[in-house]
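Peer 1: Need a 3D model of the sequence below.
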Amino acid sequence: MNYPVWYLPFVGGGTLIALISIVHVFISHFAVGGGLYLVLAERKGLRENNRALLEFTRKHAKFFLLMTMVMGGITGVGIWFIISLVNPAATSVLIHNFVFGWATEWVFFVVEIVAIFVYYYCFGRMDPRTHQAVGWIYFIAAWLSLFIINGIVGFMLTPGGWLGDGNFWSGFFNPSFWPALFFRTFVSLMLAGVYAFVTTSFLKDTELKSVMTRYSARWVLLSLLAAAPAGYWYLSVLPNQARALVEGASPTIMRALHYGILGIVVLVAGTLVLLLLKPSCHTRTVSFLVLAGAFLFMGAFEWTREASRRPYVINEYMYSNAVLKKDRGELEREGFLHGARWVSTRAAGESNLLEAGRELFRNQCHACHTVGGINNDIIARTANMEYPALLGYLGRIHEVRYFMPPFMGNEAEKEALAYYIVKGLHGKDFKVSPEGTAAAGSKGKELFTGHCIICHPESLIKERTARWDRRRIRKGLDKLSALNPAMPDYDGTPEEKELMADYIHSLKTGAGESHDKGKEAFDKHCAMCHSLGQGVNPLLPRMSGWDRERIRKSLDMLDRLKGGMPPLQAPNEEKEALAAFLSRSLQGGVR
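Peer 2: You can find the predicted model right below:
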């Protein structure tokens, strides 16, 4: 609310942050582990009096310097630049709370720069003992940089006691500090071996190439083995909601994890081939393939870590759209626009719904959603939603999808946002009134539209449930998260679940409630004896308390019910439609 929004409708600021930060993290972790690799490789060459190995180490040091100081430095500055533009509010919190932490990290970074330049340019010109000491100075300074940044980055996911006392040390030594530090350290050592595969692949000395291939492969495999328990420890300390997102409640994270698993498979398979089976297969193509696997793994980890904070950018403190959690109640009472500093519309009303909705979208939705873009496209997400369904969805968006921030504004602003998405983005004409916009179809369709269609168009549900009978559909509504961890459980009443099951079942049977087959079945088979009279179904008092399943079962045994009715000679499809009609009638629907 205190800063202007950098509006990038097609790309989205979050995508740019991800692209820059993943590349930087992939290089910066190499800058830590690679420093130790240089020292120990040089030590190996000195101990074995192997001039070729020492020359390889010198050339690898040049590659290391260019990659970490040039590419790493550029992307590091790029991160500060992009986060300051995309989310200046969160950046301000990090600076103000950890200013001395950042200052300390920059001191270590200066030491790294000096040490690596001295290490490379004095290679072979300085006595080995002193030269190795310079290498150790570099590695220690690089690891201490990781130590500092790990505390600040971890704070955003697990702020811990800082939420209560605002203390620097409470935020820095947060619950995820130690597991994340161990995990990142081992990943850094793993990347040292992966990057060494690249430089090793250019060696012409086949014997040295074989030796350094196996040496680098051991770094990769042993570090990955050590990282596994640290990763499990890291997962175990996450807050419950964040852990649930990682374990399957977020579709975005699930996609990232699939790429991460693919990356690990490529990484481990390639390394095992180079270590155990045929080091002679070590070509430049193979080395870059293993590097790509490591990049996928690292990218998936960083994406997952970032996404697991949702709906927050600083967990339990600031939402991803830069609105503070503590302000939610006030904003819902007083409205969002009147207190925002960088908006041109101060209130939403009938005369400015489109303008007010646009301002609300940019300030509350654009942090995660693009417009016709490459990530979380709001147009695709809402293509099947009409105004009343979207309006209802906005009111409970955080409860239905925990990883989405709640809408924060008054009712008029909520209507304006729904109007902007439906009219401004989709170009649909309608009137903003219950009479003009209420779904003309059934209650079941209204429920489906309000709860499901944001992620599942009717065509997809029809395809997925093509082999399901109505009973299986109804049972599925009681355990959606068991069907797919990314789906939240539907918290509707049993009656609402019955109606929704009827509607979903009608998608494949063609028994749409806008043309009610159930009413037709009643008229065909029942009305002769059970006339509707004044529009009231005389069967309803007799079925008081019955659920839909009991009604359906009764249609198969009418001759055994009190009164001795003749058996119902009708196909199962008609019985299902008739049961749905009677069930809706009991719940106040069509009579």
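
Peer 1: Could you list which residues are in contact with residue 96?
Peer 2: With contact set as Cβ atoms under 8 Å, 6 or more residues apart in numbering, residue 96 has no partners. The C-beta positions use only the backbone N, C-alpha and C, and glycine is treated the same way.

Peer 1: Helices along the stretch 51-200 of the chain, start to end?
Peer 2: Remark: helices assigned in the stretch 51-200 of the chain by DSSP state H, counting those that start in this stretch are 51-65, 72-86, 88-121, 128-157, 162-165, 168-172, 177-200.

Peer 1: Most tightly packed of those helices?
Peer 2: Neighbour counts (mean count of other Cβ atoms under 10 Å) averaged over each of these peak at helix 177-200, with a mean of 24.

Peer 1: Now do the strands in the stretch 251-400 of the chain.
Peer 2: 312-314, 318-319 (DSSP state E, counting those that start in this stretch).

Peer 1: Tabulate those strands in CSV, adding columns for mean pLDDT, mean neighbour count and distance to residue 57.
Peer 2: Listed next are the strands of the stretch 251-400 of the chain as CSV, based on pLDDT from 0 to 100; neighbours: other Cβ atoms under 10 Å; distance: least, Cβ to Cβ, whole Å:
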stretch, mean pLDDT, mean neighbour count, distance to residue 57
strand 312-314, 95, 24, 42
strand 318-319, 96, 24, 46
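
Peer 1: Next, format those as JSON lines and append distance to residue 467.
Peer 2: Formatted as JSON lines, these follow (distance: least, Cβ to Cβ, whole Å):
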{"stretch": "strand 312-314", "distance to residue 467": "40"}
{"stretch": "strand 318-319", "distance to residue 467": "41"}
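
Peer 1: Go through those and name the closest to residue 244.
Peer 2: Smallest distance to residue 244 across the strands of the stretch 251-400 of the chain (Cβ to Cβ): 14.2 Å, for strand 312-314.

Peer 1: Name the strands paired with the closest one and say parallel or antiparallel.
Peer 2: Partners of strand 312-314 in the sheet, by DSSP bridges, are strand 318-319 (antiparallel).

Peer 1: Enumerate residues external to the partner strand that contact any of its residues.
Peer 2: Strand 318-319 is contacted by residues 89-90, 93, 311-313, 324-325, 405 when judged by Cβ under 8 Å, 6+ apart.

Peer 1: would you list the helices of the stretch 51-200 of the chain in JSON lines and tack on mean pLDDT and distance to residue 359?
Peer 2: Below are the helices of the stretch 51-200 of the chain laid out as JSON lines (pLDDT from 0 to 100; distance: least, Cβ to Cβ, whole Å):
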{"stretch": "helix 51-65", "mean pLDDT": "97", "distance to residue 359": "48"}
{"stretch": "helix 72-86", "mean pLDDT": "94", "distance to residue 359": "18"}
{"stretch": "helix 88-121", "mean pLDDT": "96", "distance to residue 359": "17"}
{"stretch": "helix 128-157", "mean pLDDT": "97", "distance to residue 359": "27"}
{"stretch": "helix 162-165", "mean pLDDT": "96", "distance to residue 359": "30"}
{"stretch": "helix 168-172", "mean pLDDT": "96", "distance to residue 359": "33"}
{"stretch": "helix 177-200", "mean pLDDT": "97", "distance to residue 359": "38"}
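
Peer 1: which one of those helices lies closest to residue 411?
Peer 2: Distance to residue 411, taken as Cβ to Cβ, is lowest for helix 88-121 among the helices of the stretch 51-200 of the chain, at 25.9 Å.

Peer 1: what's the angle from that closest one to helix 72-86?
Peer 2: Going by axes from the mean of the first three to the mean of the last three Cα atoms, to 10 degrees, helix 88-121 is angled at 170 degrees with respect to helix 72-86.

Peer 1: can you pull the buried residues of the biggest helix by length in the chain?
Peer 2: Using DSSP state H to define each element, the chain has its longest helix at helix 13-48. For helix 13-48, the neighbour count (16 or more other Cβ atoms under 10 Å) marks 13-18, 20-42, 44-46 as buried.

Peer 1: Over to stretch 398-413?
Peer 2: For stretch 398-413, the neighbour count (16+ other Cβ under 10 Å) marks 398, 400-410, 413 as buried.

Peer 1: what residues are up against residue 338?
Peer 2: Neighbours of residue 338 in contact, by Cβ under 8 Å, 6+ apart: 346-347.

Peer 1: low pLDDT regions in this protein?
Peer 2: Along the chain, segments meeting pLDDT under 70 span 1, 430-442, 454, 486, 508-516, 523-525, 527-540, 562-565, 586-591.

Peer 1: Now do the same contact list for the residue nearest to residue 71 when sequence neighbours are not counted.
Peer 2: Spatial nearest neighbour of residue 71, excluding adjacent residues (Cβ to Cβ, 6 or more residues apart in numbering): residue 27 at 5.5 Å. Contact analysis of residue 27 by Cβ under 8 Å, 6+ apart lists 67-68, 71-72, 75.
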